[in-house]
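# Sharing a model that was predicted from the sequence below.
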Amino acid sequence: MRPALLRLAVRYTENTDEAEDVVQDVLLKLWFLRDRLDEYRSIDALAVVITKHLCLNRRRGIQIEQRTLDEGMYIIGEDSPERKLIKEERMEELLELIATLPNLQQAILRMKHIEGFEVEEIARLTGSTPIAIRTNLSRARKKVREQFLMRNKEWN
């Protein structure tokens with residue numbers, strides 16, 4: 001299974017070293033799931049899905065990091081310690097707001113925006129419909145946005 005996963009990871013990451021890291025992570029995840037692997041129809045398919053998601057997450061992380069650096073330099077010149085502190089505080093605030101959401105909305109929001117799952121995959125994993133997932137995502141985003149704006153309005 002390892003050679004096939006490595007070929008897949010190389011296609012996604014376009015970097016042999018990074019692909020090796022991904023495959024090691026996949027094998028480690030499978031090892032931790034070893035007691036529950038009989039619950040899955042195909043371990044190979046599970047390994048492929050995990051590989052795909054880890055590769056996409058790495059790619060998104062790199063793109064977000066590059067975009068943040070590029071856009072940040074364009075918008076504000078350079079980050080001062082004060083701006084960095086403000087960004088960190090706002091991120092902590094967002095995470096606190098997410099923690100106040102109902103458990104299902106928290107889980108769906110994290111699956112979509114942190115783990116990078118697609119709506120259809122989230123629906124399948126939660127036993128829900130894609131429409132219900134989109135509705136919950138929309139409600140969760142709206143609630144977090146409203147609370148965030150209200151808190152920040154108080155500070156200004």
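Arrived safely, thanks for sending.

# Okay, and Lys112 sits in which element?
helix 103-113 (DSSP states H and E).

# who touches the helix or strand just after that helix?
Once helix 103-113 ends, the next helix or strand along the chain (criterion: DSSP H and E) is helix 119-126. Helix 119-126 is contacted from outside by 104, 107-108, 111-112, 117, 128-130, 132-134, 137, using C-beta atoms under 8 Å, 6 or more residues apart in numbering. The C-beta positions use only the backbone N, C-alpha and C, and glycine is treated the same way.

# Tell me which residue lies nearest the centroid of this protein.
In the chain, the C-alpha nearest the mean C-alpha coordinate belongs to Ile114, at 2.0 Å (C-alpha atoms, centre = their mean).

# Tell me how far that residue lies from Asn57.
9 Å (C-beta to C-beta, to the nearest Å).

# same check, this time on Glu120
Distance from Glu120 to Asn57, by C-beta to C-beta: 17 Å.

# Among the two, which residue is more densely surrounded?
Asn57 (15 against 11; other C-beta atoms under 10 Å).

# Which pLDDT value belongs to the more buried one?
At Asn57, the model reports a pLDDT of 81.

# And it, how far from Arg145?
Applying C-beta to C-beta to Asn57 and Arg145 gives a distance of 24 Å.

# With Gln106 instead?
With C-beta to C-beta as the criterion, Gln106 and Arg145 are 15 Å apart.

# Also Glu118?
For Glu118, the distance to Arg145 - C-beta to C-beta - is 22 Å.

# Can you name the element that comes right after the helix or strand of the chain with the lowest mean pLDDT?
Using mean pLDDT, DSSP states H and E, helix 43-76 stands out as the lowest-scoring helix or strand of the chain, at a mean of 70. Remark: after helix 43-76, the chain's next helix or strand is helix 81-99, criterion DSSP H and E.

# Sort out which residues of that next one are buried, please.
Buried residues in helix 81-99, counted by 16 or more other C-beta atoms under 10 Å: 97-98.
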